[in-house]
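> Next come a sequence and a model predicted from it.
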Amino acid sequence: MTAYLLRNVRPLGGDAVDVLLSDGVIAALGADVEAPAGAVVVDGAEHVLLPGLVDLHTHLREPGREDAETVESGTRAAAAGGFTAVHAMANTTPVADTAGVVEQVWRLGQDAGWVDVHPVGAVTVGLGGEHLAELGAMAGSKANVRVFSDDGKCVHDPVLMRRALEYVKAFDGVVAQHAQEPRLTDGAQMHEGVVSAEIGLAGWPAVAEEAIIARDVLLAEHVGSRLHVCHLSTRGSVEIIRWAKSRGIDVTAEVTPHHLSLTDDNARGYDPTFKVNPPLRTADDVEAVREGLADGTIDIVATDHAPHPVEDKDCEWAAAAFGMTGLETALSVVQEAMVDTGRMTWVDVARVLSVNPARIGRIADAHGRPIAVGEPANLVLVDPAATRVVDGSQQETASVNTPFRGRTLPGRVVATFLRGRATVLDGSPVVAR
Ligand SMILES: NC(=O)N[C@@H](CC(=O)O)C(=O)O
Ligand SMILES: [Zn+2]
Ligand SMILES: [Zn+2]
């Protein structure tokens, strides 16, 4: 296995050192590390070295919608975006609600080899919201599932939600809730507010998210279980999580890059690229989620990478699918919204994009580790001074529904390493395994 010597890199944005990756681990770290025979020397140029990013919320679409994405294309996109592990959501066809399907997805991830794929198991059979899926069998399978979610749908029945929260305690699992009160969002197309009223699209009120989050933190407290809130998007949601944490409730929360950076103003052009669930909210909500992420109320950034084929997006707004891609722009958007604005450091970025998601997903034995000798060499090298214009068709994902098309974003992933093997070098995926 090729060894890599990264010369002059800045771990977590600190002082420049040399880092030697050999036999899958960080073998040496310090000033003037000598290159062993055969090692590839990478000029780090004082770029920032972070632990490999971990996405707790990715849609890989396989099995069933390989026209939108496959495990291969989605995980290649993940590596290009600096990720070394992703959790693959269960809303595939068939749904990942059995040990058989989660093992299939896990194996496809292994075969592709770009990142570690950790399948998420569905909470209910077929995402139907009526019967609990075989959570224990998925947890005990080769895929070792610890995160359970009906994402795309809300586990709306409070009795089922309670049972799921109770059940996952047996194997230290977590229920990741897509918080959307279905009756309050029937037919909803975008955030309910001034813009929806002006442009005449049916609104999705903030309360439809907040009511479910409030209910679920209370249920989690009642049964003493672990709850994770997917793609939180409103000021009120941040306030509920802050309150729940102050009470000692075991809840974690995520925000997406798009909810950190875009508002419902983008709907004015009726371009369905900006149609997403939960919807883009107001500038005040964006401010609140930025504050919540910086102060630790929100634990992680997760992409909610939701690829869709052109025909499901290139149509009138009401007919279009919800969702946007995100794996290849996440780090840049976080840099722009949080680092370049002085709200967060690179240490914080590592916390919200690697350390905390690895802990929540219970993969912290391998991911989100300190950058230190003996640790697994899951790493990403970032050039924060670079900029690029986003072009959907030049990305690795099989879909082009990025809301950042044409935007100039800061930062570039220079290299990604998975257990010491380069998956990305010079900014491009490395094909050979
Ligand atoms: N976010 C979205 O708008 N869409 C997601 C589902 C989801 O995350 O709820 C999808 O699967 O397309
Ligand atoms: Zn969702
Ligand atoms: Zn999702």
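Cool, got the structure. Ligands and ions are numbered 1, 2, ... in the order given.

> From here on, just use CA atoms for contacts and neighbour counts.
Fine.

> Touching stretch 217-230 from outside, list them.
57, 162, 165-166, 168-169, 173-179, 213, 216, 241, 244, 249-255 (CA atoms under 8 Å, 6 or more residues apart in numbering).

> One more pass at 7 Å, please.
162, 165-166, 169, 174-178, 244, 249-254 (CA atoms under 7 Å, 6 or more residues apart in numbering).

> how about low-confidence regions in the protein?
For the chain, applying pLDDT under 70 flags the ranges 432-433.

> check contacts around the most centrally placed residue in it.
Note on the chain: the residue nearest the mean C-alpha position is Ala302, at 2.7 Å, using CA atoms, centre = their mean. For Ala302, the contact set (CA under 7 Å, 6+ apart) comprises Asp55, Leu56, His57, Glu254, Val255, Thr256.

> give me that answer again for 8 Å
Ala302 touches Asp55, Leu56, His57, Thr58, His231, Glu254, Val255, Thr256, Pro257, Leu353, counting by CA under 8 Å, 6+ apart.

> could these go into JSON lines alongside secondary structure, distance to Gly13 and neighbour count?
Shown next, in JSON lines, are the contacts of Ala302 (DSSP: H, G, I helix; E, B strand; the rest coil; distance: CA to CA, whole Å; neighbours: other CA atoms under 10 Å):
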{"residue": "Asp55", "secondary structure": "strand", "distance to Gly13": "21", "neighbour count": "29"}
{"residue": "Leu56", "secondary structure": "strand", "distance to Gly13": "24", "neighbour count": "29"}
{"residue": "His57", "secondary structure": "strand", "distance to Gly13": "26", "neighbour count": "28"}
{"residue": "Thr58", "secondary structure": "strand", "distance to Gly13": "27", "neighbour count": "26"}
{"residue": "His231", "secondary structure": "coil", "distance to Gly13": "27", "neighbour count": "26"}
{"residue": "Glu254", "secondary structure": "strand", "distance to Gly13": "24", "neighbour count": "26"}
{"residue": "Val255", "secondary structure": "strand", "distance to Gly13": "23", "neighbour count": "26"}
{"residue": "Thr256", "secondary structure": "coil", "distance to Gly13": "23", "neighbour count": "23"}
{"residue": "Pro257", "secondary structure": "helix", "distance to Gly13": "21", "neighbour count": "24"}
{"residue": "Leu353", "secondary structure": "helix", "distance to Gly13": "15", "neighbour count": "27"}
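
> picking that back up, tell me how far the residue nearest to the centre of the chain lies from Ile213.
Ala302 sits 17 Å away from Ile213 when distances are taken as CA to CA, to the nearest Å.

> what about Gly85, which SS state?
Gly isn't right for residue 85; it's Ala. In three-state terms, and counting by DSSP: H, G, I helix; E, B strand; the rest coil, Ala85 is strand.

> residues in contact with it?
Going by CA under 8 Å, 6+ apart, Ala85 touches Gly52, Leu53, Val54, Asp55, Val115, Asp116, Val117, His118, His367.

> For it, give its distance to Thr416.
Counting by CA to CA, the gap from Ala85 to Thr416 is 11 Å.

> ditto for Thr84
Thr84 is 8 Å from Thr416, where distance means CA to CA.

> With neighbour numbers in mind, choose between these two.
It is Thr416, of Thr84 and Thr416, that has more neighbours when counted by other CA atoms under 10 Å, with 37 against 32.

> Can you give me the neighbour number for Ala39?
17.

> from memory it sits against Arg7, does it?
No: using CA atoms under 8 Å, Ala39 makes no contact with Arg7, being 11.8 Å away.

> All the helices of the stretch 151-300 of the chain, residue numbers only.
158-168, 194-199, 206-223, 235-246, 257-261, 283-294 (DSSP state H, counting those that start in this stretch).

> looking at those, which is buried most?
Ranked by mean neighbour count, the helices of the stretch 151-300 of the chain are led by helix 257-261 with a mean of 25 (mean count of other CA atoms under 10 Å).

> picking up where we left off before, quick one: which two of the contacts of Ala85 are the most distant?
Gly52 and His118 (14.8 Å; CA to CA).

> Of the two, give the one with the bigger neighbour count.
The residue with more neighbours, out of Gly52 and His118, is Gly52; 30 against 27, by other CA under 10 Å.

> how many neighbours does the closest residue to the more buried one other than its chain neighbours have?
Nearest residue to Gly52, sequence neighbours excluded (CA to CA, 6 or more residues apart in numbering): Leu379, at 4.1 Å. For Leu379, the neighbour count with other CA under 10 Å is 30.

> Quick check on Leu379: phi, psi?
With angles defined as degrees, to the nearest 10, Leu379 sits at phi -150, psi 160.

> now Leu232, nearest residue through space, not along the chain?
Val255 (5.3 Å).

> Against Ile298, how distant is the one you found?
With CA to CA as the criterion, Val255 and Ile298 are 7 Å apart.

> Spit out the residues that contact those two alike.
Counting by CA under 8 Å, 6+ apart, the contacts common to Val255 and Ile298 are Val289.

> check the contacts of stretch 217-230 against ligand 2, which are close?
Among the contacts of stretch 217-230, proximity to ligand 2 is found for His178 (CA under 5 Å from the ion).

> Of the contacts of stretch 217-230, which pair is most distant in space?
For these, with distances taken as CA to CA, the pair at the greatest spread is Glu166 and Glu254 (21.8 Å).
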